[in-house]
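Novice: Dropping the sequence and predicted coords here.
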Amino acid sequence: MSILIPAVNEACTVGAVVSALHQLGAWHEIIVIDDGSTDGTGEVARHAGATVIGHPATQGNGSAIKSGLRVASGDHVLIIDADGQHRPEDCLRLIHSLAHADLVVGARSHRTHASLFRGIGNVALNAVSTALSGQRIPDLTCGFRAAKRARLLEFVHLLPEGYSTPTTTTLAFIRAGYRVAFEPILARARLGKRKVHLGLDGLRFCVILFRIIRLLAPWRELHRSRPYVEHSEKAPPAWTEASRQAVSNTEKPF
C-alpha cells in the first residue's frame, strides 16, 4: 500500500500525520508531494520518515496527486490530506473495504463540515451527482480515499490540476462501471488556512460533473453489453478520438 499525501504549506501538521501513519502499521511507502510550499513542509515530512517529491511552484492538488501516482510502486494507494482532518485510524477501514471495491471514499458526517454554508453546498453537489450517476454518492468531494492504483492510472489524464480531483475520480469510476464504496468517517477541524473556496470551486465541481458524465456514458453502455468487461485493465474501444478531445476540454481553465 502506497500512501500519498499532497501538501502545500502544511509544516505545522504534516509531520504529525506522517508519524501517526508510521505508528499505525508498516506501509510499502509514504509519499508526501510538496506542492511548492514555502514553510518547510517538505523538510518536516522527510524528517518524519516520508519520501518527499517536490514541485518547484504550487501547481494544485490534482497535479500533486498525479505526481504521486506516477512514482508510487504499490498495487494500492491511499490518499490522505496533510492538514490533520482525516484520522489515521480510519485508513484501515478504507483499506479493508478494497477487498470488494475498486475505489473506497471516506464519507464525512454532516456534522463534521467546517460551516453550515459548506455543508449545504456539499449536500447539493452530492444530490446532483447521485442523480446524474445513478448511484447514491454520500460524499463527492472528500479527498480521503483508497483505490487500486491501476484503476486510478486509467483516469490520470482526466484529473484537473486543482481541487476537483475527488469529484473527477469518483464519477469516472462509477460511470466506467467500477465498484465504488463509501466508508463513513469523522473529519476533524483542519489547522491553518482553508484552500478550497466553495463558491468558485463548487461551480467548477458542477462543470466537471457534467463533462465526466457526458464523456463516460458511452463507455458505461459498452460495458453493460458485455458481462464483467468493466473490470478489464485496458480502456475499451469506445475510448475514441472524440472522447480524448472531451478530456482535453476538461483540462482547460473555466
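Specialist: Thanks, I have it. Numbers count the residues shown, from 1 in each chain.
Novice: going forward, measure contacts and count neighbours with C-alpha atoms only.
Specialist: OK.
Novice: quick one: pLDDT of G62?
Specialist: pLDDT, G62: 87.
Novice: Quick check: nearest residue in space to it, chain neighbours excluded?
Specialist: Among residues not flanking G62 along the chain, E161 sits closest, at 4.3 Å (C-alpha to C-alpha, 6 or more residues apart in numbering).
Novice: now swap in I53 and tell me
Specialist: Leaving aside its sequence neighbours, I53 sits nearest to I33 (C-alpha to C-alpha, 6+ apart; 4.8 Å).
Novice: Please apply the same query to G106.
Specialist: E183 (5.0 Å).
Novice: neighbours of the one you found, just the number please.
Specialist: 17 (other C-alpha atoms under 10 Å).
Novice: do the same with I185
Specialist: 19.
Novice: Quick check, it in contact with A107.
Specialist: Yes: counting by C-alpha atoms under 8 Å, A107 is a contact partner of I185 at 5.7 Å.
Novice: sorry, back to before: look up how far I65 lies from the residue nearest to G62.
Specialist: According to C-alpha to C-alpha, to the nearest Å, E161 and I65 sit 9 Å apart.
Novice: Same question for A176.
Specialist: Computed as C-alpha to C-alpha, the A176 to I65 distance reads 20 Å.
Novice: doesn't A101 make contact with R151?
Specialist: No: if you go by C-alpha under 8 Å, R151 and A101 don't touch, sitting 11.0 Å apart.
Novice: ok so, going back, who's more crowded, E161 and I65?
Specialist: Using other C-alpha under 10 Å as the criterion, E161 and I65 rank with I65 on top: 23 against 18.
Novice: doesn't the more buried one fall inside a helix?
Specialist: Yes: membership of I65 in a helix is supported by DSSP: H, G, I helix; E, B strand; the rest coil.
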